[in-house]
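[1] what follows is a protein structure lacking sequence information:
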């Protein structure tokens, strides 16, 4: 009864605010409703420094979704850029072609390499041996204010619904440089409790295999281990940072910080959503109609990425 009264009080307060102002109050810092502001869950001193760079390829419709999480990433990571499109635009393709570093596409598939088997330092060494001075000349053409300037690697993630991501994965991989490797976060079987989730923040390279309610997910995943954009990308960055081997200007602590802030912000969003969404209340069971969305056809991804794997 006390929980219901508290929820009703929140609803009444929000309604009174809307009536008084004629519109719903929005925070100028995070552009979210003031009653669900996330500013206190984002780095107060600005985005953190990392050795590598991250591109968030956002479906044109995704930015309109209330539960979109991709916008959290550039707020936590300086070398991060949001690009809108169903696949990488020409300008992004040209910049990546000129970049003399390993490139990774984060997408779960049976053909993807688990991140615990990836080393940025080793991939960078192999790239130098294979391409020599020509690639260095291309890298010199990148503007000094570009997020790619001085980056030790580039990670590309897809920000969309799971169904849209499935459609975007193959054409995205085909338009990235030939050296691009398809990567994914490895699965682990965690207990369905908050302690296991909190512990995973300290091991950001691990992809969870537990229930979405227990881990604070905003949406029901299409497959075990799937997670939201901000969390998946931040954990991937943290793992890649730890394998740079001193090739960049930042230590692995920057990646760990990005993961900690992003995961914390996603959990805060889930808590705010739970205040108004009965489906996210304790003990609630989410039920969906029809079939679960599938991940991209592994055979198609294998054909597109055979050169990189």
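    It's in. Here the structure is a predicted model, which is why all the values come from computation and not from measurement. Residues are numbered from 1 along each chain as shown.
[2] and stretch 148-156, which residues are buried?
    Across stretch 148-156, burial judged by 16 or more other CB atoms under 10 Å covers 148, 151, 152, 153, 154, 155, 156. The way it works is simple: take the backbone N, C-alpha and C, and place the C-beta from them, glycine included.
[3] reformat the residues you listed as a markdown table; add pLDDT.
    As requested, the buried residues of stretch 148-156 are exported to a markdown table (pLDDT from 0 to 100):
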| residue | pLDDT |
| --- | --- |
| 148 | 93 |
| 151 | 93 |
| 152 | 94 |
| 153 | 96 |
| 154 | 97 |
| 155 | 97 |
| 156 | 97 |
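[4] which of those sit farthest apart?
    Greatest spatial distance in the buried residues of stretch 148-156: 152 and 156, 15.1 Å, computed using CB to CB.
[5] follow-up on the earlier one: now the buried residues of stretch 148-156 as TSV including secondary structure and distance to residue 88?
    Below are the buried residues of stretch 148-156 laid out as TSV (DSSP: H, G, I helix; E, B strand; the rest coil; distance: CB to CB, whole Å):
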residue	secondary structure	distance to residue 88
148	coil	13
151	coil	16
152	coil	20
153	coil	16
154	strand	11
155	strand	13
156	strand	7
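[6] could you export the residues you listed as JSON lines, including distance to residue 239?
    Converted to JSON lines, these look like this (distance: CB to CB, whole Å):
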{"residue": "148", "distance to residue 239": "20"}
{"residue": "151", "distance to residue 239": "16"}
{"residue": "152", "distance to residue 239": "14"}
{"residue": "153", "distance to residue 239": "11"}
{"residue": "154", "distance to residue 239": "15"}
{"residue": "155", "distance to residue 239": "10"}
{"residue": "156", "distance to residue 239": "15"}
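[7] out of those residues, which is nearest to residue 259?
    Closest to residue 259, out of all of the buried residues of stretch 148-156 and judged by CB to CB, is residue 155, at 12.8 Å.
[8] tell me the contacts of the closest one?
    52-55, 103-106, 183, 233, 236-237, 240 (CB atoms under 8 Å, 6 or more residues apart in numbering).
[9] among the residues you listed, which ones are in helices?
    Counted as lying in helices by DSSP state H, out of the contacts of residue 155, are 233, 236, 237, 240.
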